[in-house]
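**Q** got a predicted structure plus its sequence, pasted below:
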Amino acid sequence: MAKILGDQMLGGNGIAFATILAIAVLIALVGTALSCLNTGVRVTYAMGKDTELPVVFGFLHGKFRTPHVGVIVLTVIAAIIGSYGVLNIDNLTQVTLVSNIGTFLLYGITCIICIIAFAGVQKRGIFSTVLAPGLGTALNVFMLIGVLYFAISGGGSSQTDTIIALAGHKSKEKGIMKLTLSILPQKYAVCRLDPNGHIPHWALIGDDFVSLTRTRSELSIVCLQENVPPETKAERGWRCAKVEGPFDFSVAGVHVSLAIPLAEANVSILAFATYETDHLLIQEKDLERAIQVLEQSGHRIRR
């Protein structure tokens, strides 16, 4: 998007604009992380001094006079959360949403506590103890509702990630099967022939996977790409992933367990069911991305 805007608005300098924007975002993320770490360390230090956390959090470093325990612990926690977030865009979205939701709740509750704490204080300032925290509470609630509304109403993986962030667990994995798939080594082609024609001999060469489907409008053949004559109408460059079976016909959720994560990653597939199992055709240019998505969803891939 940044490249498109840059090309249109800055005379074809979309890449430069996108690069500058990325650097600015990176600097902002570093600044935000340091700011949050600073705030967290101060809070854990105060809680350690008040024995609301282990007293070790209230210790200062002998040389640098810093609350080093809180710095180390919070840095490790931040690294763990960051490691989860960089695995894929869904994880990053979940971390971002949890952070935003937690921030709005924390600031909103702080404003409410301020109003309650100063309620009985004589000669208190109405603006600083009632109006400002009251406005802060309202704005934080409004922003929290806005974040949740736009994320959920957007549908797709954004909606799912928001529900996960709210629930605190991977609810989207409910009912999703963990499957083992084998990637067949050959390339395949999807061919369209005359519906009244004979099945050509070249379509039946090969013993890993061949699919024949005849309808009133076409004879569709999926077979090894190397066997398809150049003049044949076909979509080439497909790889085949075989789901390790067999599965009983009463088993539900095999196809959806694979299709949902791939669809959310915008990976197109062609699915074929046989008596024993399912096969997925994936464009070779999308294969590595598809494997990554499936493995992150808990499936096992054999090459």
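**A** That came in fine, so what should we check first?
**Q** can you check the pLDDT for the closest residue to S211 other than its chain neighbours?
**A** Nearest-residue entry for S211: V222, 4.1 Å, with adjacent residues in sequence omitted and distances by C-beta to C-beta, 6 or more residues apart in numbering. Placement of C-beta: from N, CA and C, glycine included. Note on V222: pLDDT of 95.
**Q** ok, now A117?
**A** The predicted local confidence for A117 is 89.
**Q** cool, K49 as well?
**A** 91.
**Q** quick one on the thing from earlier: shouldn't the residue nearest to S211 be in contact with L204?
**A** No: applying C-beta atoms under 8 Å, one finds V222 not in contact with L204, separated by 11.8 Å.
**Q** tell me, what's touching the two both at once?
**A** Residues touching both V222 and L204 (C-beta atoms under 8 Å, 6 or more residues apart in numbering) are V210.
**Q** the more surrounded of the two?
**A** When V222 and L204 are compared for neighbours, V222 comes out ahead with 23 against 13, by other C-beta atoms under 10 Å.
**Q** list of residues touching stretch 129-138?
**A** 107-108, 110-112, 114-115, 118, 121.
**Q** let's verify Q186: helix, strand, or coil?
**A** Of the three states, Q186 takes strand according to DSSP: H, G, I helix; E, B strand; the rest coil.
**Q** nearest residue to it other than its sequence neighbours?
**A** L224 (5.4 Å).
**Q** N140 now?
**A** Counting by C-beta to C-beta, 6+ apart, the residue nearest N140 is G108, at 3.7 Å.
**Q** from the contacts of stretch 129-138, which would you call buried?
**A** Buried subset of these (neighbour count, 16 or more other C-beta atoms under 10 Å): 107-108, 111, 114-115.
**Q** rewinding a little: quick one, phi psi at the residue nearest to N140?
**A** phi -60, psi -40 (degrees, to the nearest 10).
**Q** measure it to T137 for me?
**A** 5 Å (C-beta to C-beta, to the nearest Å).
**Q** how about low-confidence regions in the stretch 1-150 of the chain?
**A** Scanning the stretch 1-150 of the chain with the threshold set as pLDDT under 70 gives 1-2, 89.
**Q** the helices in it, which residues?
**A** 2-9, 14-49, 68-85, 89-117, 126, 132-153 (DSSP state H, counting those that start in this stretch).
**Q** as JSON lines, these with distance to C240 would be great.
**A** Listed next are the helices of the stretch 1-150 of the chain as JSON lines, based on distance: least, C-beta to C-beta, whole Å:
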{"stretch": "helix 2-9", "distance to C240": "34"}
{"stretch": "helix 14-49", "distance to C240": "36"}
{"stretch": "helix 68-85", "distance to C240": "32"}
{"stretch": "helix 89-117", "distance to C240": "26"}
{"stretch": "helix 126", "distance to C240": "72"}
{"stretch": "helix 132-153", "distance to C240": "36"}
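**Q** indicate which one of the ones you listed is closest to L270.
**A** Taking C-beta to C-beta, helix 89-117 is the member of those nearest to L270, at 24.0 Å.
**Q** how far is the closest one from where the chain is centred?
**A** 21 Å (C-alpha atoms, centre = their mean, to the nearest Å).
**Q** mind giving me the domain ranges of this structure?
**A** Listed domain ranges for the chain are 2-171, 175-302 (source: automatic domain parsing).
**Q** F127 - how many residues pack around it?
**A** As a burial measure, F127 scores 11 neighbours (other C-beta under 10 Å).
**Q** if I look at it, how far off is C114?
**A** Distance from F127 to C114, by C-beta to C-beta: 12 Å.
**Q** and if you look at G31?
**A** Applying C-beta to C-beta to G31 and C114 gives a distance of 26 Å.
**Q** equivalent analysis for T180, please.
**A** 56 Å.
**Q** try S153
**A** 32 Å.
**Q** over to I269?
**A** For I269 relative to C114 (C-beta to C-beta), the value is 54 Å.
**Q** now do P261
**A** Applying C-beta to C-beta to P261 and C114 gives a distance of 45 Å.
**Q** and what of G62?
**A** Taking C-beta to C-beta, one finds G62 at 36 Å from C114.
**Q** what's the answer for N227, then?
**A** Counting by C-beta to C-beta, the gap from N227 to C114 is 75 Å.
**Q** again, but for V86
**A** 37 Å.
**Q** likewise for D208?
**A** From D208 over to C114 the distance is 69 Å, taken as C-beta to C-beta.
**Q** residues contacting the spatially closest residue to R124 that is not a sequence neighbour?
**A** Nearest non-adjacent residue to R124, counting by C-beta to C-beta, 6+ apart: F118, 5.0 Å away. By C-beta under 8 Å, 6+ apart, the contact list for F118 reads 124, 129-130.
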